[in-house]
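Trainee: structure for the following, please:
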Amino acid sequence: MPFLLCGDFNPYYPTWDGNKTNSRGNIDRLLIKTLDITLLNIPDIPIHISSTYGSFSTIVLTTCSTDLAPKVTWHALSDPCDSNHFPITISINNHQHYQLETSPRWIIIKANWANPNH
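Mentor: Numbering: from 1, shown residues only. You can find the predicted model right below:
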């Protein structure tokens, strides 16, 4: 079943946050790897601004099922909009093309009943 999960998990792990690591980052990385979940965050794109330290980090993770991942576009905006988190936009392209199959149709009133083979 397709799913999208986004949260402020406060994980630190080198895959998404430079060289920092903490236990939440280790757990999140293990879950992503074990459950075959796709991480949508772009490495080295910060999501959080620490007002205490003046540093940037990626403590908000966006993941989804691997079958949904090719349809998802993830983007972090460059303006934090008076917040300590940069807004994230997530788009899902779910355009499906269907080919309709129709049954043959006849116009009965135009039928040549005297010579049905023509």
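Trainee: hey, where'd the strands end up in the chain?
Mentor: Secondary structure of the chain (DSSP state E): strands at 4-8, 37-39, 48-49, 56-57, 60-65, 72-76, 88-92.
Trainee: mind checking the pLDDT average for the third one?
Mentor: Averaging pLDDT along strand 48-49 gives 73.
Trainee: distance from the chain centre to that strand, please.
Mentor: Centroid displacement of strand 48-49 relative to its chain, using CA atoms, centre = their mean, to the nearest Å, is 21 Å.
Trainee: what's in contact with it?
Mentor: Under the contact criterion CB atoms under 8 Å, 6 or more residues apart in numbering, strand 48-49 has outside partners 55, 56, 57, 58, 59, 60, 80, 84, 85, 86. For the C-beta atoms, the positions are set from N, CA and C on the backbone; glycine is no exception.
Trainee: cool, the first one as well?
Mentor: By CB under 8 Å, 6+ apart, the list of residues contacting strand 4-8 from outside reads 37, 59-65, 68, 72, 85, 88, 90, 92.
Trainee: which members of those are the farthest-apart pair?
Mentor: Spatial extent of those (CB to CB) is set by the pair 65 and 85 at 24.2 Å.
Trainee: thinking again about what came up before, hmm, which of the contacts of strand 4-8 is lowest in pLDDT?
Mentor: Within the contacts of strand 4-8, pLDDT is lowest for residue 59, at 70.
Trainee: tell me which residue lies nearest the centroid of the chain.
Mentor: Nearest to the mean C-alpha position of the chain, counting by CA atoms, centre = their mean, stands residue 72 at 3.5 Å.
Trainee: my read: that one touches residue 90, true?
Mentor: Yes: using CB atoms under 8 Å, residue 72 is in contact with residue 90, at 6.4 Å.
Trainee: find residues that contact each of the two.
Mentor: Common contact partners of residue 72 and residue 90 (CB under 8 Å, 6+ apart): 4, 40.
Trainee: what's the burial count for residue 63?
Mentor: Look at residue 63: counted by other CB atoms under 10 Å, it has 22 neighbours.
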